[in-house]
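Asks: this one's structure only:
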């Protein structure tokens, strides 16, 4: 059986009276991209720091390719690369010097791929770090991580500060990494990014993993949105099983249906419907259905991108 790239076992972390992470069991397999979602304070940053061996767990453990992330941090780090949402770099070094230093620290760099990444992300190798914009600093640390071809990429808000063109370049690189068999843990506020890249998605809430599955799995737990327009009058749906959130505007009806859709379709078909639309919920809608108003910030970020 293949050793998972990343696995946690009842991983928990307390800070005095705050339970930042509670009995987390998470697994990322070889060649898998797993997304981690949650509003501020959900435990995403704590999880990443535990995986990197920067924090000592209160209970449980985390493993990177079977190695304890805390007790065998040096060996574990040889097989992973980390991208923070914002990096503190050396302002007096050039881009080229920074990449050389970070490559030496990691121990392995694909130089040909590094040159390709520099071109893709349009980095000026001669510029000093102090002269770089926030977006260019983010591109620099992305290149530094990707050029290692590490078996596991841990990415915390990797497109923070990037413009849409560079976001697209990142997504292409992430998909290529997956095809090469690399594993990715992606923590992001950009819901469209998570939806486009991830095989499975975990939702953290107040330190607990409240949902874990594929988009298809999650959509089965949520309601289908239906919109219908009628020739004469809108039917009464109060007794149709699974139907909720009914909204009638003139001859147009909007509602949500959970479970089998056949009872609703039967009523609509006998009521003179001449236009019918249905769609599965987006990741944003799934997230909002679980968090409500507390998810406003992450939803706004998702919409903005």
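Replies: Looks like it came in fine. Owing to the predicted nature of the structure, the values given are computational and were not obtained by experimental measurement.
Asks: where's the nearest residue to residue 23 once chain neighbours are set aside, which helix or strand?
Replies: In space, and not counting its chain neighbours, residue 23 is closest to residue 10: 4.8 Å by C-beta to C-beta, 6 or more residues apart in numbering. C-betas here are computed from N, CA, C, even on glycine. For residue 10, the enclosing helix or strand under DSSP states H and E is strand 6-15.
Asks: report all helices and strands that that strand contacts.
Replies: Secondary-structure packing of strand 6-15 (3 or more C-beta pairs under 8 Å, 6 or more residues apart in numbering; DSSP states H and E): strand 18-24, strand 27-28, helix 44-51, strand 59-64.
Asks: quick one: the helices in the stretch 1-150 of the chain, in order.
Replies: For the stretch 1-150 of the chain, the helices defined by DSSP state H, counting those that start in this stretch cover 44-51, 73-77, 95-106, 111-120, 134-146.
Asks: now those helices in JSON lines, with mean pLDDT, distance to residue 236 and mean neighbour count?
Replies: Shown next, in JSON lines, are these (pLDDT from 0 to 100; distance: least, C-beta to C-beta, whole Å; neighbours: other C-beta atoms under 10 Å):
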{"stretch": "helix 44-51", "mean pLDDT": "94", "distance to residue 236": "45", "mean neighbour count": "22"}
{"stretch": "helix 73-77", "mean pLDDT": "94", "distance to residue 236": "61", "mean neighbour count": "16"}
{"stretch": "helix 95-106", "mean pLDDT": "95", "distance to residue 236": "65", "mean neighbour count": "17"}
{"stretch": "helix 111-120", "mean pLDDT": "97", "distance to residue 236": "57", "mean neighbour count": "15"}
{"stretch": "helix 134-146", "mean pLDDT": "96", "distance to residue 236": "54", "mean neighbour count": "22"}
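Asks: test my guess that the residue nearest to residue 23 contacts residue 60.
Replies: Yes - here residue 10 reaches residue 60: they are 3.8 Å apart, a contact under C-beta atoms under 8 Å.
Asks: returning to what we had before: which one of the helices of the stretch 1-150 of the chain lies closest to residue 201?
Replies: helix 44-51 (12.7 Å; C-beta to C-beta).
Asks: ok so, going back, just the buried positions in the strand holding residue 10, please.
Replies: 6-8, 11-13 (16 or more other C-beta atoms under 10 Å).
Asks: flag every buried residue along stretch 61-79.
Replies: Under 16+ other C-beta under 10 Å, the buried positions of stretch 61-79 are 61-65, 67, 69-70, 76-77, 79.
Asks: of all these, the one with the weakest confidence?
Replies: Looking at the buried residues of stretch 61-79, model confidence by pLDDT dips furthest at residue 70: 92.
Asks: please name the nearest non-neighbouring residue to that one.
Replies: Residue 70's closest residue in space is residue 53 (C-beta to C-beta, 6+ apart), at 4.7 Å.
Asks: residues contacting that neighbour?
Replies: 69-70, 73, 76-77 (C-beta atoms under 8 Å, 6 or more residues apart in numbering).
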